[in-house]
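# Here you go, sequence then predicted model.
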Amino acid sequence: MASFMSLRDAVAENLMDGDAVAFEGFTHLIPHAAAHEAIRQNRKDLTLIRMTPDIVYDQMVGMGMVNKMIFSYAGNPGVGLLRRVRDAVENNWPQPLEIEEHSHAAMANAYEAGAAGLPCAVFRGYRGAGLAEVNPNIKSITCPFTGEKLAAIPSVRPDVTFIHAQRADKKGNVLIEGIIGIQKEAVLAAKRSVVTVEEIVDELDEHPNTCILPHWTVSAISVVPGGAHPSYTHGYYDRDNARYIEWDKIAADRDTFLTWMKENVIDADPEAFADRVKDLRTAA
């Protein structure tokens, strides 16, 4: 049953050191504010899970919070590599980082299997792919009905999932509009879930094919206007492309990175996100 609380309390109550955690979003609705609060609370020894981890995971890895990443494609979208992730993998700075890489299809199937309570995902994939040679969690099985050789990987079942969404109603039901990635399955697969939203409304003005997370699937809801910045929230504000370009230079140098993190994350708070999207507002 969803409880309404500050983001600070939501993170404190739901994210523990050593957790496997997903901060999910695809192209938009990436929960940057929630990840920044986790950084401020100095969570450690995390396993980060995500399809297409981008700059917010670069920040968390660079702050020494992460032991392992389970992911498909890691990069600064439209710009290039994740420099802090690469530094951790190649140079163990600020600490070693174990990686478990999958294809997008594999991660999507793993989340769906986790949401269904299954121990593994079975699908067609990885035929001729080199990932199986470096990832011991990619297995193959034979279909007992057709004899077809299929791929199998462990299901993804996070301790806690964080997502961002447009709205929640006063009962705690959550509305997600626009491009939908794997957020619904990531919430259903997790033991606990925290949703940051742009606003609370009396009733959700949903339309056919809208994604609704019912209140009983969500642990906590926090109102954080602008909480997806610099990614975008459909109907609320646009993507801040300049910030992604800027990040490549910031992350290239360790000292510059640490200075930026102190000024913009450690010494900031969730309320700062609303100011960052003022010039990016779109007509709903």
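Done, it's in.
# only C-alpha atoms for contact and neighbour calcs from this point on.
Noted.
# how close does the closest residue to Gln183 other than its chain neighbours get to Ile30?
Nearest residue to Gln183, sequence neighbours excluded (C-alpha to C-alpha, 6 or more residues apart in numbering): Glu24, at 5.9 Å. Applying C-alpha to C-alpha, to the nearest Å, the value for Glu24 to Ile30 is 6 Å.
# what do these two both touch?
Ile163 (C-alpha atoms under 8 Å, 6 or more residues apart in numbering).
# Now tell me which helix or strand of the chain has the poorest mean pLDDT.
strand 211-213 (a mean of 88; mean pLDDT, DSSP states H and E).
# Tell me the spacing between the residue nearest to Gln183 and Phe71.
11 Å.
# where do the contact lists of those two overlap?
Contacts common to Glu24 and Phe71, judged by C-alpha under 8 Å, 6+ apart, are 50-51.
# neighbour-wise, which of these two wins?
Glu24 (27 against 21; other C-alpha atoms under 10 Å).
# Pretty sure that one sits against Thr161.
Yes - with contact defined as C-alpha atoms under 8 Å, Glu24 counts as touching Thr161 (7.3 Å).
# Now for the two: what residues contact both?
Ala186.
# okay, Ala284: pLDDT?
With respect to pLDDT, Ala284 scores 46.
# which SSE is Glu90 in?
helix 83-91 (DSSP states H and E).
# That helix - contacts with which helices or strands?
Using 3 or more C-alpha pairs under 8 Å, 6 or more residues apart in numbering; DSSP states H and E, the elements in contact with helix 83-91 are helix 55-62, helix 241-251.
# Return the angle between stretch directions for the shortest one and helix 241-251.
Right, helix 55-62. Going by axes from the mean of the first three to the mean of the last three C-alpha atoms, to 10 degrees, helix 55-62 is angled at 20 degrees with respect to helix 241-251.
# For helix 55-62, output the C-alpha coordinates as PDB.
In PDB, the C-alpha atoms belonging to helix 55-62 read as follows (Å, rounded to 0.1, in the frame of the first residue of the first chain):
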ATOM      1  CA  ILE A  55      24.800   9.400 -16.400                       C
ATOM      2  CA  VAL A  56      23.000   8.900 -13.100                       C
ATOM      3  CA  TYR A  57      24.600   5.500 -12.800                       C
ATOM      4  CA  ASP A  58      27.900   7.100 -13.800                       C
ATOM      5  CA  GLN A  59      27.500   9.400 -10.800                       C
ATOM      6  CA  MET A  60      26.600   6.600  -8.400                       C
ATOM      7  CA  VAL A  61      29.600   4.500  -9.500                       C
ATOM      8  CA  GLY A  62      31.900   7.500  -9.300                       C
END
